[in-house]
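Visitor: Any chance you can model this:
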Amino acid sequence: MTEQAYLFPDEDKALMQNSETSVQERLFYGILAREGLRVSELLDLTWSDVDLERGLLTLDQNKTAEPRAWAMDPAVVRDTLSTNPSKITKHFCPLRREGGA
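Guide: Next up is the predicted model:
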């Protein structure tokens, strides 16, 4: 049997509401699922790539080598802001440790 690499909508909802899963882990998954980023792209995002005020995400370095920018899912912006994000660290990803992934 192969491992499932996606969640159905009801499973996504259950994960997002699961208080036993840390807010950072839920936010990490939510950003991946809603913004279509690869894990490596999310881990490499810096605060300069993210404009929460305008809800804009810019990805200059990616697999296609073509810079991309798009409006973020409003739920991602809202949920990110609700975590009171700190811009003290260079990287945006809530699970990334500075100095490595």
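Visitor: chain center to the lengthiest helix in the chain: distance?
Guide: Counting by DSSP state H, the longest helix found in the chain is helix 23-35. The chain centre lies 5 Å from the centre of helix 23-35; the measure is CA atoms, centre = their mean, to the nearest Å.
Visitor: Repeat that for stretch 67-75.
Guide: With CA atoms, centre = their mean as the basis, the mean position of stretch 67-75 lies at 11 Å from the chain mean.
Visitor: Kindly provide the whole-number mean pLDDT of it.
Guide: Computed over stretch 67-75, the mean pLDDT rounds to 90.
Visitor: related to what we said a few turns ago, could you point out the helix or strand that follows the longest helix of the chain?
Guide: Once the chain leaves helix 23-35, the next helix or strand it forms, by DSSP states H and E, is helix 39-44.
Visitor: Now do the buried residues in that next one.
Guide: For helix 39-44, a neighbour-count test (16 or more other CB atoms under 10 Å) marks E41, L42, L43, D44 as buried. For every residue, glycine as well, the C-beta is placed using N, CA and C.
Visitor: Next one: the third one from F8, what distance?
Guide: It refers to L43. To F8, L43 is 25 Å away according to CB to CB, to the nearest Å.
Visitor: before we move on, what SS does N84 have?
Guide: coil (DSSP: H, G, I helix; E, B strand; the rest coil).
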